[in-house]
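Enquirer: Quick check, what structure comes out for this input:
(one chain, ligands or ions: 2)
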Amino acid sequence: MLREVGAAPGVLGTEQIPALEAAGRVLAEEITADRDYPPFPRSARDGFAVRAADLPGELRVIGEVRAGELYPGSVGIGEAVEIMTGAPLPAGADAVVMIEHTERSGDRVLISRSLKMGENFNAQGIEAKSGSIVLPAGRRLGFAEIALLAMVGRECATVYRRPRVAILPTGDEIVEAGQRPEPFQIRNSNAWSMAVQVSRAGGDPQILPIARDNYESTRGLIEQGLSQDLLLLSGGVSAGKYDIVERVLADLGARFFFDRVLIQPGQPLVFGAARGKFFFGLPGNPASTMVTFEVFARAAVDVLGGASESPLPLLQARLSKDVRQKPGLTRFLPAQVSPDGSTVAPEPWQGSGDVNSLARANAFLVTEPDRESWAAGEMIRVLLK
Ligand code: AMP
Ligand code: MG
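Expert: Ligands and ions are numbered 1, 2, ... in the order given. Reported below is the predicted structural model:
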């Protein structure tokens, strides 16, 4: 979808950064293996390097090889070399027998079981061949990917620039978190949840001042937001008299790709482009803002940031309580997955404004639009929070 409307990975440019600072960033180059992995046939056990054809039998121990050493000789017929985990297999040997399966006396070792060739060591190049691609461009870097960079000797890597994402809260009733609200005012929590979600998606959040529900204020701040790589608005997109976000965007020449989605929380949701930038008008209710970001906007941050689009992490778990709902919408209900991950229960909540429930929940139950009820014991889709 995003690609169809003109988002191309890498349009934001690249930079070289230390690999240790690259967690969460997206690779803009292919990483290749600088040598075979493992670079030598590597013992996976403490034991004896042997010739499999000699077993079972009693062998003569001709030496020892530890990790970090190379055994200078080779293993002949009827011979064995004591070997440690991580050490290179000596020439002539074609298997490693575990120490637990041996009886040593002096320079003799008795092995009463047989062994297949290739057992208990990793052949040279079996994990990656020299010159092969170990990380493709577009891969987001986590701890294992960064370990791989270190393994192949790359202290720096070329990554895509992080997309700058403008966050624009709207509403006459909204005050900043540090302010003391009047009884009829609400603190701006959406800018904070969105900033965290943007950072988590690899973006660089830029929080703008709160737009008031009038044309001038909203227009000025939307124009500021459109100077960034992506604009996320919260609120002002429902059908209310003072919901003017869409009018302002239309006046700025916006193309609208959709302005409603059949999910709850989140029905009014605007996605479009103006002045060469994409924008999302997310509904203002905190749960709606959070859910629509995860389900729709996260993919835009991913793609603008050069990452290959990642699917929503939907899993299945067994319901521990009955669930009923009105059909027609796909619902994302705050839920609690049990510590062992096997069962899930809906978390009590009072609707889309209930941030307390969302903070208690560790997941969302995802219901299908054409079903009314699920009985305890049935499997249901779950989106981890
Ligand atoms: P709206 O989409 O503008 O109609 O807002 C829907 C609901 O979300 C209203 O109850 C707002 O007070 C609330 N809301 C809107 N923006 C924010 C925000 N930035 N932080 C917390 N709540 C908000
Ligand atoms: Mg509003």
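Enquirer: From now on I want contacts and neighbour counts done on CA atoms only, so please keep to that.
Expert: Noted.
Enquirer: tell me the pLDDT at residue 82?
Expert: Per-residue confidence (pLDDT) for residue 82: 98.
Enquirer: just the one 10 residues further on next, same as before
Expert: Among the per-residue scores, residue 92 holds a pLDDT of 98.
Enquirer: my guess is residue 32 contacts residue 132, does it?
Expert: Yes: using Cα atoms under 8 Å, residue 32 is in contact with residue 132, at 5.3 Å.
Enquirer: Looking at these two, which one has more neighbours?
Expert: Comparing residue 32 with residue 132 by other Cα atoms under 10 Å, the one with more neighbours is residue 32, at 18 against 14.
Enquirer: Chain neighbours aside, what residue packs nearest to that one?
Expert: residue 133 (4.3 Å; Cα to Cα, 6 or more residues apart in numbering).
Enquirer: Just list the residues touching the one you found, thanks.
Expert: Neighbouring residues of residue 133 by Cα atoms under 8 Å, 6 or more residues apart in numbering: 30, 31, 32, 33.
Enquirer: can those residues go into TSV with extra columns for distance to residue 296?
Expert: Converted to TSV, these look like this (distance: Cα to Cα, whole Å):
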residue	distance to residue 296
30	28
31	30
32	33
33	36
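Enquirer: Out of the residues you listed, which sit inside strands?
Expert: 31, 32 (DSSP state E).
Enquirer: and the contacts of residue 133, which are buried?
Expert: 31, 32, 33 (16 or more other Cα atoms under 10 Å).
Enquirer: quick revisit: pick the one among the contacts of residue 133 closest to residue 373.
Expert: Residue 373 has its nearest neighbour among the contacts of residue 133 in residue 30, at 48.0 Å by Cα to Cα.
Enquirer: could you list every residue that touches that closest one?
Expert: Here residue 30 is in contact with 133, 134, 135, 136, 137 (criterion: Cα under 8 Å, 6+ apart).
Enquirer: one more time with 7 Å, if that's ok
Expert: By Cα atoms under 7 Å, 6 or more residues apart in numbering, the contact set of residue 30 is 133, 135, 136, 137.
Enquirer: Then residue 363?
Expert: Counting by Cα under 7 Å, 6+ apart, residue 363 has contacts 334, 335, 336, 337, 382, 383, 384, 385.
Enquirer: okay if I get the buried ones among the contacts of residue 133 as a markdown table plus pLDDT and distance to ligand 1?
Expert: As requested, those are exported to a markdown table (pLDDT from 0 to 100; distance: Cα to the nearest ligand atom, whole Å):
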| residue | pLDDT | distance to ligand 1 |
| --- | --- | --- |
| 31 | 98 | 42 |
| 32 | 98 | 45 |
| 33 | 98 | 47 |
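Enquirer: And those, which is closest to residue 159?
Expert: Closest to residue 159, out of all of these and judged by Cα to Cα, is residue 31, at 11.5 Å.
Enquirer: Tell me the secondary structure at residue 179.
Expert: coil (DSSP: H, G, I helix; E, B strand; the rest coil).
Enquirer: Spatially nearest residue to it (excluding sequence neighbours)?
Expert: residue 187 (7.7 Å).
Enquirer: could you pull out the helices for this structure?
Expert: 143-151, 190-200, 215-225, 245-251, 286-292, 298-304, 355-360 (DSSP state H).
Enquirer: of all the ones you listed, which lies closest to residue 166?
Expert: So among these, helix 215-225 is nearest, using Cα to Cα, at 5.2 Å.
Enquirer: Go through that closest one and flag the buried ones.
Expert: Result for helix 215-225 [16+ other Cα under 10 Å]: buried residues 218, 219, 221, 222, 223, 225.
Enquirer: right, and out of those residues, which lies closest to residue 297?
Expert: Distances from residue 297 to the buried residues of helix 215-225, taken by Cα to Cα, are shortest for residue 225, at 15.4 Å.
Enquirer: Quick one: residues contacting the closest one.
Expert: By Cα under 7 Å, 6+ apart, the neighbours of residue 225 are 166, 231.
Enquirer: Fine, thanks again, bye for now.
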